[in-house]
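> Give me a model of this one.
(one chain, ligands or ions: 1)
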Amino acid sequence: MTELQAVSWTGDALRLIDQTLLPHRLEHLEIREVDALVDAIVRLAVRGAPALGVAGAYGVALAMLQAEREGWDRARLEAALERIRTARPTAVNLAGGVDRVRPLVDAGLAAVLEEAGRVLEEDVAANRAIGVHGAQWICARVPRRPLRILTHCNTGALATAGWGTALGVVRELHARGLVEVVYADETRPLLQGSRLTAWELAHEGIPHYVLADGAAAGTILRGLVDVAIIGADRIAANGDTANKIGSVGVALACADAGVPFVVAAPWSTVDLATATGADIPIESRAEEEVLCWQGVRVAPEGSRGLNPAFDVTPARLIDALVTERGVLEPAHGRTPARPGGREAL
Ligand SMILES: CSC[C@H]1O[C@H](OP(=O)(O)O)[C@H](O)[C@@H]1O
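As a prediction, the model looks like this:
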């Protein structure tokens, strides 16, 4: 499969794959205005922590061009940047991408674009390294060959600048001929798994099943899974990890079954300023996403919808945190903030 580019810069616009249309339609958005970028982020046309980081970085250039076209003063430009960085609260990469590039505004557009390009290139390189580190850790810890892997949500090229994080590890293992099957949780309510991960796996020729989120624990406890690997949206200093809703259920089943539970994410998703998972802001989304199906209400009138977009897996349930710098083992006390953890990476 030609490498997907979820986010790219055309010279004067942000080019996004509109992920709400996949898997049936592959179409792109060309975005030149802050309102349209915020809308694309909120409705998950662009999504995935690293991809959001790249979108946030190039969003600074987009806002600068709009400010020039429309004669904004600096205060209006700064307010626009704040709207981009806060469009979704949980993935630390979004704000991180804006904050990394924002200080270059006074240096001009070329400097902003150069730094945003580095954000993109660094993420692709990080994902490739994550793939290698993750494959090596799994091969050293899991004796069975080939491997049966469960994953949750979408962590592939669509969620990043390219290759993928958890799905990048799967691709690396597949390239080595070590994957028997991938179990891809559908990931309700927005179905990133059945729509996006399945689409990427199919294009890569990787055998897979889509399963209901509620089937993950039973599949693990039945002994059908050798390792579970997921991505992350924010990793706290103690290793607690926020990821798509449903992740902690997978981790609990893995702990009970003695199946390794692996988190794969670039270091840009580690937030040492957030001490523990209790401090991670969890996005709450519209209740209609759980009450309706394809715009038609399923639950009876009067029912309310509870729709947190993420949950937090405590470090004690995480066997390996794979970044481009190497592998930490939070369940064994090796976390991003521990001196040993930092030295280890
Ligand atoms: C490679 S990180 C992808 C990460 O982001 C997803 O959330 P969303 O689809 O809401 O952007 C999910 O948590 C994935 O693990």
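
> Tell me which residue of the chain is furthest from the middle?
What lies farthest from the middle of the chain is G71; by CA atoms, centre = their mean that is 35.1 Å.

> so what pLDDT did it get?
Among the per-residue scores, G71 shows a pLDDT of 98.

> Assign a three-state SS to the residue in the stretch 1-150 of the chain that the ligand sits nearest to, would you?
With CB to the nearest ligand atom as the measure, R47 is the residue of the stretch 1-150 of the chain nearest to the ligand, at 3.4 Å. C-betas here are computed from N, CA, C, even on glycine. Judged by DSSP: H, G, I helix; E, B strand; the rest coil, the three-state class of R47 is coil.

> number of nearby residues for it?
Neighbourhood size, R47 [other CB atoms under 10 Å]: 27.

> Check A315 too.
Neighbours of A315 (other CB under 10 Å): 26.

> cool, and E288?
13.

> For this protein, what lies in contact range of the ligand?
44, 47-50, 153, 155, 159-160, 165, 192, 230-231, 233, 243-244, 309 (CB under 6 Å from any ligand atom).

> longest helix in the protein, by residue count?
helix 109-141 (DSSP state H).

> Give me the pLDDT for Q294.
The model reports Q294 with a pLDDT of 88.

> Could I get the phi/psi values of it?
As for Q294, its main-chain torsions (degrees, to the nearest 10) stand at phi 50, psi 40.

> who touches it in this structure?
Residues near Q294 by CB atoms under 8 Å, 6 or more residues apart in numbering: none.

> Can you tell me the closest non-neighbouring residue to the residue of the stretch 1-150 of the chain closest to the ligand?
Spatial nearest neighbour of R47, excluding adjacent residues (CB to CB, 6 or more residues apart in numbering): Q19 at 5.9 Å.

> same check, this time on G305
E287 (2.9 Å).

> Angles on the backbone of that neighbour, please.
Dihedral angles of E287 (phi, psi; degrees, to the nearest 10) stand at phi -60, psi -20.

> and the gap between it and the ligand?
Distance of E287 to the ligand, computed by CB to the nearest ligand atom, to the nearest Å: 16 Å.

> Tell me, how many residues neighbour that residue?
15.

> Surely it and L306 touch.
Yes - assessed by CB atoms under 8 Å, E287 is found in contact with L306 at 7.2 Å.

> give me the element R100 is part of.
helix 92-101 (DSSP states H and E).

> Spit out the contact partners of S303.
S303 sits in contact with L291, where contact means CB under 8 Å, 6+ apart.
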